[in-house]
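K.L.:
Build me a model:
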Amino acid sequence: MGAFERTVAYVMSGVIGLCVGSFLNVVIYRLPRGMNLSYPPSHCTTCNYRLRWYDNIPVLSWLMLKGKCRNCGAPISFRYTAVEIINTLLWILCAFMFWQQDWRFAVVAMIACSVFVCVYYIDLEHKLIFDRFHVILLLLGAAACLTDDGVSPLSRLIGAVGGGAVFLLFFYGSIWILKREGLGGGDVKLVAAAGFFLGWEKLFLEVLIASVLGSVVLLIVNRKNREGRETEYPFGPFLVAGMLTALLFGSQLINWYLGLLGG
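P.N.:
Predicted coordinates:
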């Protein structure tokens, strides 16, 4: 692929990723609330003012409106713009990392990244991971089998079964020993689905990154509520951080580590 073709692929990935990011905001806001994703049309959540097309331009509309509703002046969370920017950057990065290897896997990876963004924000805000996201990841894993992503079907099965089984043991073990859930059931299913999508090697890397990152963050921001108990944080966002790292840079990190072992 020449320089011109690569540039076109990156630009198109960014434009489409930006538009998809705008839709992800609809999913992140409406799905946990049991709302229809297509109706009613986009509106201000404070005054119900129906947004015009020029109020819905990703990133630009937020900047032009200075982060406020055109009708009532209520603040519009920067989270909407952040989701659009993050999804755009992830799609461009997927094109950069995978397009020359296999454009089909690049597309699969882009869709997976958008799923990860939804899981991250919904679990962070509502402590929920919907089963439909697990199903989508399983379907993406099946689609990836038809591409040149370097992950064997056996590795996917080991990742799904092994990862799910280990986290299921943690789930029931924490209930038995700590008398409370140390992990959510959604986390267990997310790891199993991610194992099928990534393969067991990258799944191991994902869980390692998520565990270290989660431990460090919780040590830094650990707070206690009025009853003196530790505040609970969802583990899904840390799993997503691990999944994104494993998906985009997993092969390089694994090869680097094996190189260290080999001297």
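
K.L.:
switch to C-alpha atoms for all contacts and neighbour counts from now on
P.N.:
Will do.

K.L.:
tell me which residues of the worst-scoring helix or strand of the chain on mean pLDDT are tucked away?
P.N.:
Across the helices and strands of the chain, mean confidence by mean pLDDT, DSSP states H and E is lowest for helix 153-178: a mean of 88. Judged by neighbour count (16 or more other Cα atoms under 10 Å), helix 153-178 contains these buried residues: 153, 155-165, 167-168, 170-173.

K.L.:
again with stretch 2-10
P.N.:
In stretch 2-10, counting by 16+ other Cα under 10 Å, buried: 9, 10.

K.L.:
contacting residues around it?
P.N.:
The contact list for stretch 2-10 (Cα atoms under 8 Å, 6 or more residues apart in numbering) reads 92, 95, 96, 99.

K.L.:
just stretch 58-70 next, same as before
P.N.:
Applying Cα under 8 Å, 6+ apart, the contact partners of stretch 58-70 are 18-19, 21-22, 44, 54-55, 74-78, 81, 84-85.

K.L.:
What of stretch 168-184?
P.N.:
Residues contacting stretch 168-184 (Cα under 8 Å, 6+ apart): 185, 188, 235.

K.L.:
Skipping adjacent residues, who's closest to residue 153 in space?
P.N.:
residue 145 (6.7 Å; Cα to Cα, 6 or more residues apart in numbering).

K.L.:
For residue 42, see how far away the one you found is.
P.N.:
Distance, residue 145 to residue 42, using Cα to Cα, to the nearest Å: 37 Å.

K.L.:
ranges for the helices of the stretch 1-150 of the chain?
P.N.:
According to DSSP state H, counting those that start in this stretch, the stretch 1-150 of the chain carries its helices in the segments 3-30, 60-64, 79-98, 103-126, 131-144.

K.L.:
Can you lay out those helices as JSON lines showing distance to residue 203?
P.N.:
Converted to JSON lines, these look like this (distance: least, Cα to Cα, whole Å):
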{"stretch": "helix 3-30", "distance to residue 203": "25"}
{"stretch": "helix 60-64", "distance to residue 203": "37"}
{"stretch": "helix 79-98", "distance to residue 203": "18"}
{"stretch": "helix 103-126", "distance to residue 203": "14"}
{"stretch": "helix 131-144", "distance to residue 203": "13"}
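
K.L.:
which one of those lies closest to residue 212?
P.N.:
helix 103-126 (17.2 Å; Cα to Cα).
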